[in-house]
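Visitor: quick one: sequence and predicted model below, then my questions.
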Amino acid sequence: MKPVLIAAGVGLLTLVRLSAAQEPPPADSSPMLRADTVPPPGVTETAFVFRSGALRLAGTLTEPRTAGRVPIAILVAGSGPTDRNGNSAAGLRTNTYAQLAWGLAERGVASLRYDKRVLPTAEGAVDMATLSFDDFADDVVGAAAAIRATDRYGKIVVAGHSEGAGLAIRAAARGLQADGLVLVAGAGRPMLQILHEQVGRQVDATALLAFDSAMARYVRGEPPGEVPQGLAALFVPAHQRFVSGLAAYDPTAELARVTVPVLIVQGETDIQIRPVDAERLRAARPDARLVLLPETNHVLKHATDTTLLAQLVTYRDPTLPVEPAAVEAIAAWVAALR
């Protein structure tokens, strides 16, 4: 048994234990490419490109076939090279964001979901070594500005998932013009605390101490030194600036300064971000609405078992549906915004 990554690349990573027989298939045989991205009847989708600094980022507008100005949610992806649909060549195949967009449209809420600047669809040069957490937050600002400039929609909300929730919060301090924030499975503790907890489920006390020491050096901009076996992907030199910025981010302190309405959505069987994180976020904004979803995991799929192996299928099967209660909670809150 050895640790392997289910979401690799820039950002907060989660580890699961797999036997050799259960390791991910090669990228060139990934069933992610067969994920259904055709919207259901009654939902229309069009391409949408917007600028963020010198970059042009590609996305998808999903809209209900209804007349009038509908509200719109900008969906911000979680960590790693996750695309607009919630899938990744690193082994993540959920289709979560596509399914969420369709469900919102069926309930009268349009959405924009977009590919991150680290993906091939981005037009313009991206230097991984200088990439920062704030760069991704600025992409959120750019997306909202582009949507507002169309003058086609009513209320504009930003709905960030996982690390995307943190980006939504940070964007609020960097010029974001939105009417509300939806924080889905967002961290309520500093990144290093959550990484310590996640890695601690995978390794013994000696390896965990070595990991903590290496990570402390890494976020200071120093060489990490010896890294426990199987965890080297968390210490990629080109990602050091990004991870250092993420480590300095305090979600509750920043959320307390947000002035727009906030919805917090958290699955109760999430094994990456726990309900305690949602409670901490709500404590920072006591007026926020908190929705806890029973038997719902980090990727908004149905899950009753909170063991790592039992939930792995929900990260790899894009045909599994998003829990309807998650979609309904977001749509109802957006519709009630005044």
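Guide: Here it is on my side, so go on.
Visitor: and the longest helix for this protein?
Guide: For the chain, the helix with the greatest residue count under DSSP state H is helix 133-150.
Visitor: elements contacting it?
Guide: For helix 133-150, the packing partners by 3 or more CB pairs under 8 Å, 6 or more residues apart in numbering; DSSP states H and E come out as strand 43-52, strand 55-64, strand 72-76, strand 110-114, strand 156-161, helix 163-172, helix 240-248. Just so you know, the C-beta spots here come from the backbone N, C-alpha and C atoms, and that holds for glycine as well.
Visitor: how distant is it from the center of its chain?
Guide: Mean-position distance between helix 133-150 and its chain equals 16 Å (CA atoms, centre = their mean, to the nearest Å).
Visitor: switch to numbering from 153
Guide: Okay, using 153 as the starting number, the last item reads as helix 285-302.
Visitor: buried ones in it, by neighbour count?
Guide: Residues of helix 285-302 classed as buried by neighbour count (16 or more other CB atoms under 10 Å): 285-299.
Visitor: my guess is V278 meets L271, correct?
Guide: No - V278 is not in contact with L271 according to CB atoms under 8 Å; the separation is 9.4 Å.
Visitor: those two: which has the busier surroundings?
Guide: L271 (19 against 14; other CB atoms under 10 Å).
Visitor: ok, now which ones touch D286?
Guide: D286 is in contact with 322, 326, 397, counting by CB atoms under 8 Å, 6 or more residues apart in numbering.
Visitor: got a PyMOL select line for the buried ones in these?
Guide: Remark: buried members of the contacts of D286, expressed as a PyMOL selection using 16+ other CB under 10 Å:
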select buried, resi 322+397
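Visitor: for the stretch 353-490 of the chain, what spans make up the helices?
Guide: Secondary structure of the stretch 353-490 of the chain by DSSP state H, counting those that start in this stretch: the helices cover 357-371, 392-400, 403-407, 427-436, 460-468, 476-488.
Visitor: V451 is nearest to which of the ones you listed?
Guide: helix 460-468 (5.8 Å; CB to CB).
Visitor: relative to the whole chain's centre, how far out is that closest one?
Guide: The chain centroid and the centroid of helix 460-468 are separated by 17 Å under CA atoms, centre = their mean.
Visitor: can you give me the buried ones in it?
Guide: In terms of neighbour count (16+ other CB under 10 Å), helix 460-468 has its buried residues at 460, 463-464, 466-468.
Visitor: stretch 351-369 too?
Guide: 351, 354-355, 359-360, 362-363, 366-367.
Visitor: now swap in stretch 326-337 and tell me
Guide: Within stretch 326-337, the residues that count as buried by 16+ other CB under 10 Å are 328, 330-337.
Visitor: just for the chain, where's the confidence low?
Guide: The model of the chain has pLDDT under 70 over residues 153-187.
Visitor: Three-state assignment for the most centrally placed residue in it, please.
Guide: Against the mean C-alpha coordinate of the chain, by CA atoms, centre = their mean, the closest residue is G230 at 1.8 Å. Of the three states, G230 takes coil under DSSP: H, G, I helix; E, B strand; the rest coil.
Visitor: let me see the contact set for the closest residue to it other than its chain neighbours.
Guide: Spatial nearest neighbour of G230, excluding adjacent residues (CB to CB, 6 or more residues apart in numbering): S314 at 3.2 Å. Residues near S314 by CB under 8 Å, 6+ apart: 164, 230-231, 336-339, 424-425, 450.
Visitor: re earlier: nearest to L256, out of the helices of the stretch 353-490 of the chain?
Guide: With CB to CB, the closest approach to L256 among those belongs to helix 476-488: 5.4 Å.
Visitor: okay, buried residues for that closest one please.
Guide: 477-479, 481-483, 485-486.
Visitor: now render the residues you listed as a markdown table, adding distance to I308.
Guide: Converted to a markdown table, the buried residues of helix 476-488 look like this (distance: CB to CB, whole Å):
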| residue | distance to I308 |
| --- | --- |
| A477 | 24 |
| A478 | 20 |
| V479 | 18 |
| A481 | 18 |
| I482 | 14 |
| A483 | 15 |
| W485 | 14 |
| V486 | 10 |
